[in-house]
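Q: after the sequence you'll find the predicted model.
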Amino acid sequence: MRRKSVEQKNPGAVSSPACPFSAETQEKILHHFDHHSSLYRDHSAEALKLLRDQAPVAKTDAHGGFYVLTRYQDVLEAARDDERFCSFWGITIPTNKAPWDRAQTIPIDLDPPYNELFRDMMLPLFTPKAIDAYGVFLRQTATKLVDAFIEKGEADLARDFGSPLTALFTMELAGIDHAQADFYASTIQYGIAHPGDPDALARMAEARGRVSREVAAQKDNPRSGGLIDYLFKARVGGRPLMDWEIEAIVWLVLLGGVDSTQATISNMAVHLSDHPELKQRLIEHPDSWDDAVEEYLRLVTPQQGLSRTVTRETSLGGVELQRGDRVLMSWQAANLDESVFPNPNEIVLDRKNKRHLAFGIGKHRCMGSNIGRLEVLIALEQLLTRIPDFKVKAGEAELSADIGTVKAYKKVPITFTPGKRSA
C-alpha cells in the first residue's frame with residue numbers, strides 16, 4: 001500500500017565534494033573513461049558529473065572504444081529507441097557475446113518485436129496478486145534472517161541479511177531448491193564483481209551449467225508453482241519454448257535477482273548509518289518509507305548502466321555516431337542529473353519527480369521492478385523496527401572490487417543493541 005509522503009527539506013543531505021581530480025586525472029576520465037576501473041569505483045559520482053558537465057556524450061578508448069551517455073535526456077532517448085540502438089549485440093561493455101551467438105539472457109538480449117513476445121508471456125508472474133503473494137514469503141524470510149543474529153548485537157548486513165534475503169526469494173521465484181541459494185548468490189556476485197577474471201568466468205560457467213541441468217531435470221519432474229514449471233507450460237508466439245530459451249530466461253532472473261537488489265539494501269544501510277538524523281526521521285515517520293525506497297533506488301542506482309549498439313548513422317546529444325558504435329547508457333549518471341533531479345546527491349523524501357532510471361526505461365525496462373521495490377521496502381522495515389540503532393563499523397564497509405556493472409558492498413559489518421527473536 002502506498003504511504004503518504006512526509007514534507008521535509010533536504011533530509012540526510014549528502015553534499016557532493018569538490019572535484020577531487022587533478023588535471024591529468026580529469027583528462028583520463030574525459031578521454032579514457034573506464035567504469036570497471038578503481039578510479040570509477042572510488043569516485044563514480046564525481047567522474048560522472050565531470051563527464052556530464054564537459055562531455056555528456058564522451059568517446060573513450062577503453063574496452064575497444066565506446067561512447068558513454070551521462071545526461072538524463074540522452075540516456076532516455078537511446079533507451080527508448082530500439083531501432084537506432086539495439087540490444088542483440090550485447091548489453092554490457094565489454095561484451096562476452098559473439099555476433100553469431102544466440103541470446104544468452106531473454107528477453108533483455110532481444111529487440112522488439114521478439115522481446116515483447118517473451119515479456120507478454122511472463123506478465124502473469126508480475127501481477128499485483130502475484131506480488132502480494134511474494135510479499136508474504138519475503139516478510140517471513142526477512143524475519144527469520146534477523147532472528148538469526150538479533151540476539152548477538154552484531155552482523156554483516158550483506159552476508160547475513162541482504163544477500164540471503166534476495167537469493168532465497170530468487171530461488172522461490174525460479175522454482176529451485178532453496179539449498180542452492182548461497183551457491184548462486186556467491187557465484188554470481190563474485191562473477192559480476194570480477195569481470196574477465198578467469199576464476200570468475202569458470203565459476204559463472206559452472207552456474208550456467210547448473211541452470212541447464214536444473215531445466216533438464218524439471219522437464220520430467222517440475223517443481224510446481226516455480227518459474228521453470230511455468231515456462232514449460234507457456235507459449236510464445238503460439239509455440240512452446242525451447243529448452244535453451246527457458247535456460248536463458250532463468251539465467252536472467254538469477255543474475256538480476258541475487259545481486260542488484262541486495263546491493264540496494266547494503267548501500268541504503270551504509271547511507272542510513274552515516275546519516276542518523278535521516279534514519280531517525282524515517283523511524284518516526286513510517287509513512288515516508290515508500291518515498292525513501294524510491295530515493296535510494298535513484299541515489300545508489302545498483303545497476304550502473306547497460307549498453308546498446310548503434311544500427312545506423314545517427315546523432316545523439318550533438319555527437320555523430322556510426323553504425324556499430326557502442327554506447328553505455330549510464331543509469332547512475334542520469335539519476336544524478338541536476339537538471340532533472342535538483343540536489344541530486346541528497347535524499348529528498350518529498351521529491352516530486354520520481355521518474356528515475358534505476359530499472360531502465362522503454363521496452364527493456366526491468367519486469368521485476370515492483371518486486372525489487374518490495375524487497376527493499378521489507379528490508380527497510382526490518383532495519384528500522386527491529387535494530388533501529390544499527391551502526392556500520394567505522395571503516396569496515398567494503399565495496400566490491402568492480403562496481404562497473406553493479407554497485408554493491410561485499411561487507412557491511414554492523415553493531416546494534418541486542419534484541420529479541422520474533423514471536
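A: Received, thanks.
Q: can I get the CA coordinates of stretch 356-366 in PDB?
A: Output in PDB follows, covering the C-alpha atoms of stretch 356-366 (Å, rounded to 0.1, in the frame of the first residue of the first chain):
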ATOM      1  CA  HIS A 356      14.400   7.700 -12.100                       C
ATOM      2  CA  LEU A 357      16.000   5.100 -14.300                       C
ATOM      3  CA  ALA A 358      17.200   2.600 -11.800                       C
ATOM      4  CA  PHE A 359      15.200  -0.100 -13.600                       C
ATOM      5  CA  GLY A 360      15.900   1.200 -17.000                       C
ATOM      6  CA  ILE A 361      13.200   2.500 -19.300                       C
ATOM      7  CA  GLY A 362      11.400   1.600 -22.500                       C
ATOM      8  CA  LYS A 363      10.600  -1.900 -23.800                       C
ATOM      9  CA  HIS A 364      13.600  -3.300 -21.900                       C
ATOM     10  CA  ARG A 365      12.500  -1.900 -18.500                       C
ATOM     11  CA  CYS A 366      13.000  -4.400 -15.700                       C
END
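Q: so for that stretch, mean pLDDT?
A: For stretch 356-366, mean pLDDT rounds to 96.
Q: what's the offset of that stretch from the middle of its chain?
A: 11 Å (Cα atoms, centre = their mean, to the nearest Å).
Q: dump the residue contacts of Lys410.
A: By Cβ atoms under 8 Å, 6 or more residues apart in numbering, the contact list for Lys410 reads Ala158, Gln189, Ala193, Glu398, Leu399, Ser400, Ala401. All C-beta spots, glycine's among them, are computed from the backbone N, C-alpha and C.
Q: okay, helices next: where are they in the stretch 101-250 of the chain?
A: 114-122, 128-147, 163-174, 181-193, 198-220, 227-233, 243-257 (DSSP state H, counting those that start in this stretch).
Q: tell me which strands and helices the first one is in contact with?
A: Meaning helix 114-122. strand 235-236, helix 243-257 (3 or more Cβ pairs under 8 Å, 6 or more residues apart in numbering; DSSP states H and E).
Q: looking at the ones you listed, which is buried most?
A: The highest mean neighbour count among the helices and strands packed on helix 114-122, using mean count of other Cβ atoms under 10 Å, belongs to helix 243-257: a mean of 22.
Q: residues in contact with that one?
A: Contacts for helix 243-257 (Cβ under 8 Å, 6+ apart): 102-109, 118, 122, 166-167, 169-170, 173-174, 184, 188, 192, 207-208, 211-212, 214-216, 219, 227-228, 231-232, 236, 241, 366, 368.
Q: following that helix, which helix or strand shows up next?
A: helix 260-274 (DSSP states H and E).
Q: quick one, that following helix and helix 163-174 angle?
A: Calculated by axes from the mean of the first three to the mean of the last three Cα atoms, to 10 degrees, helix 260-274 forms an angle of 150 degrees with helix 163-174.
Q: quick one: buried residues of helix 260-274?
A: Buried positions in helix 260-274, judged by neighbour count with 16 or more other Cβ atoms under 10 Å: 260-273.
Q: can I get the residues you listed in TSV with pLDDT and distance to Ala130?
A: What follows is those, written out as TSV (pLDDT from 0 to 100; distance: Cβ to Cβ, whole Å):
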residue	pLDDT	distance to Ala130
Ser260	95	20
Thr261	96	17
Gln262	97	21
Ala263	97	24
Thr264	98	21
Ile265	98	22
Ser266	98	26
Asn267	98	27
Met268	98	25
Ala269	98	28
Val270	98	31
His271	98	30
Leu272	98	30
Ser273	98	34
